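> Whatever this is, show me its structure:
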Amino acid sequence: MRGLLVGLALLVVAPALAQEKVPVIPFDSVPNPLKLPHDVYFGEVSGIAVNSMGDVFALSRGNTSGPAYGAAATQLLEFGPDGKFVREIGHNLYAWSFAHAVKIDPQDNIWVTDKGSDMVIRFNPDGEVTMVFGRKQEASDEDTAPLKHPSPPLPPVDGLFRQVTDVAFDSNGNGYISDGYINSRIAKVDRNGNWLKSWGTPGTGPGQFRQPHSIAVDEQNRVYVADRGNRRIQVFDPDGNFLRQITIDVPYDSNARPAIGPRPEVPGNPDLLKTMQPGAPWTVCITPGPNQVLYTSDAFPGRIYKLSLDGKVLGVLGQSGKQLKQFGWIHEIACPSENELWVGELLNWRVQKLTLHPEQASPQ
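You can find the predicted model right below:
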């Protein structure tokens with residue numbers, strides 16, 4: 001999130017585009033769905049995931065040490081299906097620096113991407129480290145410092161990341177890693193951890209990215225990338241060939257307020273990052289089959305969108321705020337079923353469990 005608050009004052013949005021009315025999906029939020037021990041606290045909840053047994057994994061920027069700038073802020077907490085605390089995984093792990101996302105693969109392995117250390121870690125279901133990708137900067141190196149954003153960017157290096165963001169898996173066991181704020185590419189590794197390829201460069205064209213922030217794979221092994229800074233979801237085949245893009249243009253209340261910072265204004269500047277624009281995807285989650293749908297969310301006006309895999313918006317829910325059923329920068333969505341969502345929020349330091357009622361939906 002470095003530089004985001006500074007950019008808020010400069011970011012502008014295009015007017016909401018007219019389109020057919022989108023249903024508003026009624027939903028409930030379960031109060032206090034995860035029970036923390038009395039001496040454990042969430043920080044910014046950057047990641048949330050659910051395994052095949054219903055256990056919930058929350059990735060929090062908590063348990064910090066060090067100065068406010070450069071603190072080690074990653075904590076992986078597991079909860080049972082009933083919300084009761086089970087354990088902390090990876091306490092004092094070498095890779096922990098600045099939490100970004102957590103995912104569960106089909107074998108219930110737990111994958112964490114850490115933006116601060118530029119590393120991706122795989123744990124087995126017992127919580128043991130079984131695979132490591134990337135390498136953090138050495139503390140003894142005199143050049144160790146926050147990563148810079150030169151223009152043009154430095155060439156990416158196979159096997160290394162610069163502010164990595166997320167990971168997803170196809171039916172053949174391959175992993176797809178969104179490498180993220182600086183390299184602006186997608187990396188592909190096989191089930192044994194071998195680096196296969198990468199695709200993408202910084203930019204605005206098809207197959208280019210500005211902050212690929214979240215990633216998911218459907219049952220046909222199509223790869224969906226939340227290209228947040230370009231305000232679109234790009235879709236690729238498993239070899240990285242561009243298939244199409246999805247944009248979300250749902251009208252919104254002109255009186256909507258952002259969760260933090262000044263309200264984005266009209267008109268838009270195409271040269272600026274579109275991170276705070278309505279419909280800019282911070283997240284992407286695809287439900288299990290056989291009838292898969294996609295969920296994504298934006299920071300302003302703070303909504304969740306339900307889409308078909310071909311990009312049609314099927315419904316919308318929520319708004320920015322601090323109460324239940326309101327959101328403060330959803331950073332990751334877990335969607336174990338079409339009508340059950342878990343969301344991790346940065347600004348509200350919490351997890352919400354949402355139950356959707358699409359049968360009660362009404363036009364916006």
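> which non-adjacent residue is nearest R162?
Distances taken as CB to CB, 6 or more residues apart in numbering put I182 closest to R162, at 3.6 Å, once the chain neighbours are dropped. Just so you know, the C-beta spots here come from the backbone N, C-alpha and C atoms, and that holds for glycine as well.
> wait, doesn't the one you found sit right on Q163?
Yes: the criterion here is CB atoms under 8 Å, and I182 meets it with Q163 at 5.2 Å.
> intersection of neighbour lists for those two?
Shared contacts of I182 and Q163, defined by CB atoms under 8 Å, 6 or more residues apart in numbering, are found at L147.
> Looking at the two, which has the bigger crowd around it?
Ranked by neighbour count (other CB atoms under 10 Å), I182 and Q163 place Q163 first, with 23 against 20.
> That one and H149 touch, don't they?
No: with contacts counted by CB under 8 Å, Q163 stays clear of H149, the gap being 9.3 Å.
> between the two, what contacts are shared?
Contact criterion CB under 8 Å, 6+ apart; residues shared by Q163 and H149: Y181, I182.
> residues near M276, how many?
Neighbours of M276 using other CB under 10 Å come to 26.
> What is the burial count for N174?
18.
> State the phi and psi torsions of it.
Torsion angles at N174 (phi, psi; degrees, to the nearest 10) stand at phi -70, psi 150.
> secondary structure class for the residue nearest to R162?
coil (DSSP: H, G, I helix; E, B strand; the rest coil).
> That one: what's it in contact with?
Contacts of I182 by CB under 8 Å, 6+ apart are L147, H149, P153, R162, Q163.
> Give me the nearest residue to the last one, chain neighbours excluded.
Here the nearest residue to Q163 in space, its sequence neighbours aside, is Y181; by CB to CB, 6+ apart that works out to 3.7 Å.
> what residues are up against the one you found?
Each residue near Y181 by CB under 8 Å, 6+ apart is listed here: K115, H149, R162, Q163, T165, Q211.
> biggest separation within those residues, which pair?
H149 and T165 (14.9 Å; CB to CB).
> more neighbours, these two?
Per other CB under 10 Å, whichever of H149 and T165 has more neighbours is T165, with 24 against 14.
> so where's this structure shaky on pLDDT?
1-20, 265-268, 364 (pLDDT under 70).
> all strands of the stretch 201-350 of the chain, in order?
According to DSSP state E, counting those that start in this stretch, the stretch 201-350 of the chain carries its strands in the segments 201-202, 208-209, 212-217, 223-227, 232-236, 242-246, 285-286, 294-297, 304-307, 313-317, 330-337, 340-345, 350-356.
> Out of these, which is closest to F169?
Nearest of the strands of the stretch 201-350 of the chain (CB to CB): strand 212-217, 6.2 Å.
> which residues sit against that closest one?
Residues contacting strand 212-217 (CB under 8 Å, 6+ apart): 101, 165-170, 176-180, 184-186, 200, 223-228, 281-286, 294, 296, 332.
> Try it again at 6 Å.
165-166, 168, 170, 176, 178, 223-228, 282-286 (CB atoms under 6 Å, 6 or more residues apart in numbering).
> Quick check: S198 touching A187?
Yes: under the criterion of CB atoms under 6 Å, S198 makes contact with A187 at 4.5 Å.
> of the two, who's got more company?
Higher neighbour count among S198 and A187: A187, with 27 against 20, using other CB under 10 Å.
> Out of the strands of the stretch 201-350 of the chain, which is closest to K136?
Of the strands of the stretch 201-350 of the chain, nearest to K136 by CB to CB is strand 212-217, at 20.5 Å.
> Just the CA trace of the closest one, in PDB.
What follows is strand 212-217, C-alpha atoms only, in PDB (Å, rounded to 0.1, in the frame of the first residue of the first chain):
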ATOM      1  CA  PRO A 212      -1.700  -7.400 -10.500                       C
ATOM      2  CA  HIS A 213      -3.200  -7.700  -7.000                       C
ATOM      3  CA  SER A 214      -5.200 -10.900  -6.900                       C
ATOM      4  CA  ILE A 215      -5.400 -14.100  -9.000                       C
ATOM      5  CA  ALA A 216      -7.700 -17.100  -9.400                       C
ATOM      6  CA  VAL A 217      -8.100 -20.100 -11.800                       C
END
